[in-house]
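>>> Here is a sequence with its predicted model. Questions after.
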Amino acid sequence: MRIVCVGGGPGGLYFAGLMKKADPRHHIRVIERNRPDDTFGFGVVFSDATMAGIAEADSEAYRGIARHLVHWDDIEVNYRGERISSTGHGFSGMSRHTLLRVLQEQACAAGVEVLFERDVNSLDAFADADLVVAADGANSTVRQLLRDRVKTTIDLRPNRFVWLGTTKPFPAFTFYFKRNDHGLWRVHAYQYGPGRSTFIVECREETWRAAEMDRATEQDTAAFLECLFAEQLDSHRLITNRSIWRQFPTIRAEPWSSDNVVLVGDAAHTAHFSVGSGTRMAMEDAVALRDSLIESLSGDSLAAETRSVVSGFSRTNPDALASALRSYEARRRPQVESLQRAAQASLQWFEDTERYTTLEPIQFTFSLLTRSLRITHEDLRARDPQFLARVDELVACEAERQIMKLATTEDTGDAEEQSRSTRIEPPVLRVPRGGELVPPPMFTPFRLRDLVLPNRVIVSPMCQYLADDGTIGDWHLVHLGSRAMGGAGLVMAEMTDVSRDARISPWCAGLYKPEHAAAWKRVVDFVHRETPAAIGVQLGHAGRKGATQRLWEGDNEPLAEGGWPLISASPIPYFAGRSTVPREMTRADMDCVVADFARAAELAREAGFDLLEIHMAHGYLLASFISPLTNTRTDEYGGSLENRMRLPLEVFDACRKVWPDEKPMSVRISAVDWAPGGMEPDAAVEVARMLKAHSCDIVDVSAGQTVADQQPVYGRLFQTPFADRIRHDVGMKTMAVGNISSYMDVNTIIAAGRADLCVLARAHLFDPYWTRHAAWMLGYPLPWPDPYKSMERYTPRFEFRFTGDKS
């Protein structure tokens, strides 16, 4: 093959060397715009896992790189006057200049032609090439030349950062957080060679402007930061190298190839430097592209870099090349997108660090270490058990204070609340005393008004579609009863409709007739009598998403027959041209709905539920008022967020009025609609603030399902950041929900302070005893009911294994 690599960075050089070693008959050129000794930036970071991958792909390159690495295991966080270290992380630093020199030498030794000081302004010069590899970085000229065929989105992040060097050696990957009159400054520092370290300074734009860094030269920047961090630098100087203040661009290209041109590295995608991934991703792209090219020729997997192949790709065989490039993208895109999601969570943590400055230093450090949502509580247990023990002890002690604390007028400003709180009986606690076992975070108790939950695990409300005109039966008893026996702290009954016309389907559960309360009381009594769990109910009205088929028959699809008139904030159907057009609600309709919710709350009280939740999410009736996508009214119930919240708050107040004062109320909201013009996290914070002002005890933070054409960004814990933001910005208790499936995730969320409770749905369908099994895995078994006491002598001999994509 005749291959041209545009860009002589790590991705282009590494790929060129890999392909030449795979078959010396390939003719490969690398074209670089800069001189051989030019380099920008200072050091690069590799994890131990990344180095293992390089060793497997190219042992020669690994040896060349490894002898220049500076290795460390510790991460050190300097915050509020404390220095906290965590070990076991396994990273290495290396000079970027040295890395490029190693890759250049190896590529040239293999026979690659490397040309410097050559600009590329057109692809016409490569008309004779079988393959053109665009490895020319984030500002890719090749990508720009392909702009009509390659769609690129660039998300320019708001924080400002500057990349500097210093002569100070850092024995650990070091973070500094320092506040001055201008604001909070973050430093990421690590050593990459003898007497050489990278020193990245990051801040919010308002801090940057207040310090007049928007007018600073490189020398001004270095002088200012040397003064600001004089104590941390120990008289060492800062070194500049094109050290200009920048904003990070998150780049996503689609597709990654067009004809015989393929993008790798930053030309195709970027991930924030806080996860140290740019160089890593470029080199992993190079390996994947090599493997895909060779596999498409040979028809099997590449076992080692020594495989020799027949040179066969050419412009006369476009199908073979297209197949290889599709294979490359299919192989790499899921991995890259997973890493970009992690990088997004990480960069947002650094954008919002001010949010977490009320945390205790040990919890702040745990939050930082787990910021990407990839590192878990269990990972840190394996890496640094002593550090994790401090985290767990802090969480357990805070839980004890939270449930034992008697409300005061300082806390609530409410004398009635103060009087009521004195009636709380102290629960039986399993918190550390002396040498006793410290409970994992998920097994610490939690209090809402007079309700004390034994742990932080919640069974999510899940519609079963098996009621008879709203009356539930044996299925619901077994469904909810088994999950309560399974150890969850709170079991939530499904969305229970407040009137016959409020149902999603004809088979939905209800609380609009006396017999409904009696049926629910049977379930509630069982849970209270036989388990330590609490049980709550979610009240809702389907609105424009009513009169539909059951989930397994057609999600949100209208009934073929037997439907009923629908109401909503505005006459907008869920599926245009297919769903029933709802009638825009009048004030009389609103009065009826408020009365229906209040009556349902009274019936829930009669049934004995411990917690009442109002459903204001997922595009149902109350949510249709909140979202501007479904509320186009021009009266006092439309327009501003305050107006759009008017009816939902009326409903909440009516329910709170009849709901027992000692029992808590929650609200489920959609923090984002995942659609242009819809709800965004900023607005969700204001919604939560309004709910808190109306005495809502906790917000159940979900997202989406408002409109049919939503474009959600799925991933592990993908909605947890919304709960995290509301919890800290509003000072309100939150539940996290959405793709939480492991006890490791639950422990991480609770320990980091991202939410107070974790709501799991499918995990509990898969395993009704999920919480008990998690307790056993953590070495913290829960007491069994008396009929199951023989379980105390049983040792499970199985484990679940999953070999699919866990991203």
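Yep, it's here.

>>> hey, which helix or strand in the protein has the poorest pLDDT?
Lowest on mean pLDDT, DSSP states H and E among the helices and strands of the chain sits helix 415-421, with a mean of 40.

>>> list the helices and strands the helix or strand following that helix packs on?
Following helix 415-421 in sequence order, the next helix or strand is strand 446-448 (DSSP states H and E). Judged by 3 or more CB pairs under 8 Å, 6 or more residues apart in numbering; DSSP states H and E, strand 446-448 is in contact with helix 385-404, strand 451-453. No exception for glycine: its C-beta is placed from N, CA and C like everyone else's.

>>> Would you mind pulling the contact partners of strand 446-448?
399, 402-403, 424, 452-453, 455-456, 489, 611, 664, 697-698, 733, 756-757 (CB atoms under 8 Å, 6 or more residues apart in numbering).

>>> make it 10 Å
399, 402-405, 407, 421, 424, 427, 452-456, 489-490, 534, 536, 610-611, 663-666, 697-698, 733, 750, 756-757 (CB atoms under 10 Å, 6 or more residues apart in numbering).

>>> Which of those residues are buried? Put it as a PyMOL command.
In PyMOL, this line selects whichever of the contacts of strand 446-448 come out buried by 16 or more other CB atoms under 10 Å:
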select buried, resi 399+403+407+421+424+452+453+454+455+456+489+490+534+536+610+611+663+664+665+666+697+698+733+750+756+757
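
>>> Tell me where the stretch 201-350 of the chain has strands.
238-239, 249-254, 257-258, 261-263 (DSSP state E, counting those that start in this stretch).

>>> Please identify the most buried of these.
When you average the neighbours per residue for each of the strands of the stretch 201-350 of the chain (mean count of other CB atoms under 10 Å), strand 261-263 leads with a mean of 27.

>>> Show me what that one packs onto, helices and strands only.
Counting contacts by 3 or more CB pairs under 10 Å, 6 or more residues apart in numbering; DSSP states H and E, strand 261-263 packs against strand 131-134, helix 141-145, strand 249-254, helix 278-298, helix 318-351.

>>> pLDDT on it, on average?
Averaging pLDDT along strand 261-263 gives 98.

>>> picking up where we left off before, dump the helices and strands packed on strand 261-263 to CSV, plus distance to K692.
Listed next are the helices and strands packed on strand 261-263 as CSV, based on distance: least, CB to CB, whole Å:
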stretch, distance to K692
strand 131-134, 51
helix 141-145, 46
strand 249-254, 33
helix 278-298, 41
helix 318-351, 23
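
>>> closest one to K151 among the ones you listed?
strand 249-254 (5.2 Å; CB to CB).

>>> and that closest one, how far from the chain's centre?
Centroid separation for strand 249-254 versus its chain: 18 Å, with CA atoms, centre = their mean, to the nearest Å.

>>> Distance check, the residue nearest to the spatial centre of the chain against P712.
Centroid-nearest residue in the chain, with CA atoms, centre = their mean: F718, separated by 4.0 Å. Here F718 is placed at a distance of 8 Å from P712 (CB to CB, to the nearest Å).

>>> which one's the longest strand in this protein?
Among the segments of the chain that qualify as a strand by DSSP state E, the longest is strand 183-193.

>>> ok, that one: who's next to it in the sheet?
strand 173-180 (antiparallel), strand 196-203 (antiparallel) (DSSP bridges).

>>> could you redo those as a markdown table and give each row mean neighbour count, distance to R772 and mean pLDDT?
Converted to a markdown table, these look like this (neighbours: other CB atoms under 10 Å; distance: least, CB to CB, whole Å; pLDDT from 0 to 100):
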| stretch | mean neighbour count | distance to R772 | mean pLDDT |
| --- | --- | --- | --- |
| strand 173-180 | 18 | 38 | 98 |
| strand 196-203 | 24 | 44 | 98 |
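
>>> Deepest in the core, which of the helices and strands packed on strand 261-263 is it.
Stretch with highest mean neighbour count among those: strand 131-134 (a mean of 28; mean count of other CB under 10 Å).

>>> so what does that strand touch, helix or strand wise?
So strand 131-134, by 3+ CB pairs under 10 Å, 6+ apart, packs with strand 2-6, helix 10-22, strand 27-31, helix 141-145, strand 257-258, strand 261-263, helix 278-298, helix 318-351.

>>> Give me the average confidence score over stretch 510-528.
99.

>>> Next, the buried residues of it.
G510, L511, Y512, K513, H516, A517, A519, W520, V523, V524, F526, V527.

>>> got it, and stretch 369-385?
So for stretch 369-385, counting by 16+ other CB under 10 Å, buried means 369-381, 383-384.

>>> ok, of the residues you listed, which one's closest to T221?
Nearest to T221, judged by CB to CB, of the buried residues of stretch 369-385 is R371 at 26.1 Å.

>>> Report the contact partners of that closest one.
R371 touches 274-275, 342, 345-350, 352-353, 356, 721, 752, 754, counting by CB under 10 Å, 6+ apart.

>>> Closest one of these to A49?
Closest to A49, out of all of the contacts of R371 and judged by CB to CB, is V275, at 12.6 Å.

>>> The closest one - how many residues pack around it?
The number of residues packed near V275 is 22, by other CB atoms under 10 Å.

>>> now the strands: where do they sit in the stretch 601-750 of the chain?
Going by DSSP E, counting those that start in this stretch, the stretch 601-750 of the chain shows strands at 611-616, 665-670, 698-702, 733-737.

>>> now the ones you listed in CSV, with mean pLDDT and distance to T634?
Shown next, in CSV, are the strands of the stretch 601-750 of the chain (pLDDT from 0 to 100; distance: least, CB to CB, whole Å):
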stretch, mean pLDDT, distance to T634
strand 611-616, 99, 22
strand 665-670, 99, 23
strand 698-702, 99, 29
strand 733-737, 99, 33
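
>>> Which one of those strands lies nearest to A135?
Between those, strand 733-737 lies closest to A135; by CB to CB that is 39.4 Å.

>>> now that closest one and strand 611-616, what's the angle there?
Counting by axes from the mean of the first three to the mean of the last three CA atoms, to 10 degrees, strand 733-737 lies at 70 degrees to strand 611-616.

>>> how far is strand 733-737 from where the chain is centred?
For strand 733-737, the distance to the chain centre is 14 Å (CA atoms, centre = their mean).

>>> Stretch 241-251 too?
Worked out by CA atoms, centre = their mean, stretch 241-251 lies 24 Å from the chain centre.

>>> got the end-to-end distance for it?
From its first residue to its last, stretch 241-251 covers 24 Å (CA to CA, to the nearest Å).

>>> And stretch 704-712, by the same measure?
7 Å.

>>> How about it, which residues are buried there?
Buried residues in stretch 704-712, defined by neighbour count with 16+ other CB under 10 Å: G704, Q705, T706, V707, Q710.

>>> mind checking pLDDT for the second one?
According to the prediction, Q705 has pLDDT 97.

>>> thought it was touching G619?
Yes - contact criterion CB atoms under 10 Å: Q705 and G619 qualify, at 5.3 Å.

>>> any shared contact partners between those two?
K545, N556, S670, D673.

>>> Redo the helices and strands packed on strand 261-263 as TSV? Include mean pLDDT.
TSV is the format used below for the helices and strands packed on strand 261-263 (pLDDT from 0 to 100):
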stretch	mean pLDDT
strand 131-134	98
helix 141-145	98
strand 249-254	98
helix 278-298	93
helix 318-351	95
